[in-house]
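# Give me the fold of what follows.
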Amino acid sequence: MATVILVRHGRSTANATGVLAGRLPGVKLDQHGHEQAAATAARLAGVRVAAVVTSPLERCKQTARTIAGAQPTRLELGTERKLSECDYGEWQGRAIKDLAKEPLWKVVQAQPSAATFPGGESMRAMQDRAVEAVRRHDRRVEEEHGPGAVWVAVSHGDVIKAILADALGTHLDLFQRIHVDPASVSIVRYTEARPYVLGTNTSAGDLSWLTPPAPAAPKRRRRKSDDDAVVGGGSGPTPAG
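The predicted structure follows:
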């Protein structure tokens, strides 16, 4: 079972000015966004990260480079276009306060599965391609680095919310109930039985527990019950070290 850490990019210049950036070029982290990315990188420095995969947009690549740079071993960044921001079409570049007056805004809030942005993509299509990408990379990381491997995917707010909704078994129409702040960390572990959501929208706290302890005995054969949820809640992760 690999574990994916979903990181939203730090605050961008568009976030700070209330503009929907979408896929516009040249949108980068502002000073506070760089500080947020550095704080998240410090949280992840104690986690043995096997891979970092990022949206191709610059604000995500900046965040991903900061995270990779805090790791004790050198990591090459992978780029995944399916983790890119939703294609907001004619909405991108416009002020949020103006978009909130559009009839489509209410659809995005109440029934996002029915929302298609003019000249852009639907929110359903955005969720489908993002979930496919995360699950595909998760399988690859586990095949290359073994069960217990941890990797990072750096993406965007709506994209991460859509991935979390899928992992929670929540309909896309309810995904606005999920909050994902800039540079926040959310954690999903996919298993044969189901995904497990280990954390959402966290901005502080130790994450070293995500690094599995070294095996003390020969690897045993995997049992079907290993992916089951523990009745009563279980004992939690084993502390690192």
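# tell me which element residue 67 falls in.
For residue 67, the element it lies in under DSSP states H and E is helix 58-69.
# Just after that helix, pick out the following helix or strand.
Helix 58-69 is succeeded, C-terminally, by strand 77-79 (DSSP H and E).
# Spell out, range by range, the helices that occur in this structure.
13-17, 31-44, 58-69, 96-99, 103-110, 123-145, 157-168 (DSSP state H).
# Can you lay out the ones you listed as CSV showing mean neighbour count?
Glycine gets a C-beta too; all of them are placed from N, C-alpha and C. Listed next are the helices of the chain as CSV, based on neighbours: other CB atoms under 10 Å:
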stretch, mean neighbour count
helix 13-17, 16
helix 31-44, 19
helix 58-69, 23
helix 96-99, 13
helix 103-110, 13
helix 123-145, 18
helix 157-168, 23
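# who wins for proximity to residue 80 among those helices?
helix 123-145 (5.2 Å; CB to CB).
# Out of the helices of the chain, flag the one nearest residue 81.
helix 123-145 (8.4 Å).
# Relative to residue 185, which of the helices of the chain is closest?
Using CB to CB, those put helix 31-44 closest to residue 185, at 6.4 Å.
# which residues touch the lengthiest strand in the chain?
Longest strand in the chain by number of residues (criterion: DSSP state E): strand 195-202. With CB atoms under 8 Å, 6 or more residues apart in numbering as the test, strand 195-202 has contacts from 3, 164, 166-168, 178-181, 184-190, 229.
# quick revisit: pLDDT of the helix holding residue 67, averaged?
Mean pLDDT, helix 58-69: 98.
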